[in-house]
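> Okay, here's the prediction I keep looking at, along with the sequence it came from:
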Amino acid sequence: MNDNRSVQRCLAVLRGFRGGPGQSLTGLAKSVGLSHSTVLRFLTTLESEGYVRKEGTLWSLTPQLLEIGFAALANTGVNEFIQASLQTLADKCAGTVNIGERGREEVIIIARASAESERRKILVVNLRVGSSLPRESALYSALDLPEDQWSIARYPDRKVTTVGIPLFTGPVRSLSLGLSVNDDDYGTARLEGELLPLLRAERDQIRRLMRLGEV
């Protein structure tokens, strides 16, 4: 079997656990489009390395996989100073601030801060660092925008509006910055007149802290 193809398939199996713990061999094989024998071979190898475990007929990821996740987070460039800056903005606007990085077909949240009043909503929408947002999200739409433009996405069912701006675009990485606020607190005029200047000031601060564009 081609080594590159093997890596791709193994990663596909790991992504198959996005549906949660307790995945059956049949369910995993169906979700990744591979044969039972191929998936079982990868699971057995991952089990021997300590990354998955089997309980009865069901498979789950183990906490050891967090080693890779933490290493990935360490490589995003987000440190405690950036996190504190995001938290300050979130508290000031009573909202949620996200930094997103372009993935394959989505934008991945690499940093997130929410005001106390918004933390219950986080549980409801089930978003966290590592979550992916689709192309129609403001965070994704902002990735390819010119410096002075911004994107917007409205979620009337939750009475939330998200504004996004480009953070950094380079040969390897593309980042965006988004701010979600309650519709009851911010109308269109206040979004443009108050939130956008705050978001752009935050962008300047993050660029300095991450030293984006210096290398």
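Received it, and whenever you're ready, just let me know what you need.
> Just the pLDDT for the most centrally placed residue in the chain.
Among the residues of the chain, the one closest to the centroid is Ile109, at 2.2 Å (CA atoms, centre = their mean). Ile109 is assigned 94 on the pLDDT scale.
> cool, Leu123 as well?
Leu123 is assigned a predicted lDDT (pLDDT) of 44.
> How about Asn4?
At Asn4, the pLDDT recorded in the model is 82.
> next helix or strand past the helix or strand hosting it?
Assigned by DSSP states H and E, Asn4 belongs to helix 3-15. Sequence order places strand 23-24 as the next helix or strand after helix 3-15, per DSSP H and E.
> Flag every buried residue along the helix or strand that that following strand is followed by.
Sequence order places helix 25-32 as the next helix or strand after strand 23-24, per DSSP H and E. By neighbour count on 16 or more other CB atoms under 10 Å, the buried set for helix 25-32 is Leu25, Leu28, Ala29, Ser31, Val32. Heads up, the C-betas are built off the backbone N, CA and C, glycines and all.
> ditto for stretch 51-68
The neighbour-count check on stretch 51-68 (16+ other CB under 10 Å) flags Tyr51, Val52, Trp59, Leu61, Leu65 as buried.
> cool, and stretch 175-191?
Per 16+ other CB under 10 Å, stretch 175-191 contains these buried residues: Leu175, Ser176, Leu177, Gly178, Leu179, Ser180, Val181, Asn182, Tyr186, Leu191.
> just how off-centre is it within its chain?
Centroid displacement of stretch 175-191 relative to its chain, using CA atoms, centre = their mean, to the nearest Å, is 19 Å.
> With stretch 101-109 instead?
Relative to its parent chain, stretch 101-109 has a centroid offset of 7 Å by CA atoms, centre = their mean.
> ok, Val78 - contacts?
Going by CB atoms under 8 Å, 6 or more residues apart in numbering, Val78 touches Ile99, Ile110, Ala111, Met210.
> how about 6 Å then?
Residues near Val78 by CB atoms under 6 Å, 6 or more residues apart in numbering: Ile110, Ala111.
> give me phi/psi at it?
phi -90, psi 120 (degrees, to the nearest 10).
> so what pLDDT did it get?
In this model, Val78 carries a pLDDT of 85.
> Kindly list the main-chain dihedrals of Val52?
Main-chain dihedrals, Val52, degrees, to the nearest 10: phi -140, psi 160.
> Likewise for Arg41?
phi -60, psi -40.
> what about it, neighbour count?
17 (other CB atoms under 10 Å).
> Just to check, Met210 is in contact with Gly77?
Yes - Met210 lies in contact with Gly77 (CB atoms under 6 Å); the separation is 4.6 Å.
> Which parts of this structure are helices?
3-15, 25-32, 36-48, 66-74, 80-93, 119-125, 138-141, 188-190, 196-210 (DSSP state H).
> Run through the chain and note the low-pLDDT ranges.
Across the chain, the ranges flagged by pLDDT under 70 are 1-3, 119-126, 213-215.
> Excluding chain neighbours, give the residue nearest to Cys93 in space.
Nearest residue to Cys93 in three dimensions, chain neighbours excluded: Val181, at 5.6 Å (CB to CB, 6 or more residues apart in numbering).
> typo on my end, it should be Leu28
In space, Leu28 is closest to Gly16, 4.6 Å off (CB to CB, 6+ apart).
> Thank you kindly, that will do.
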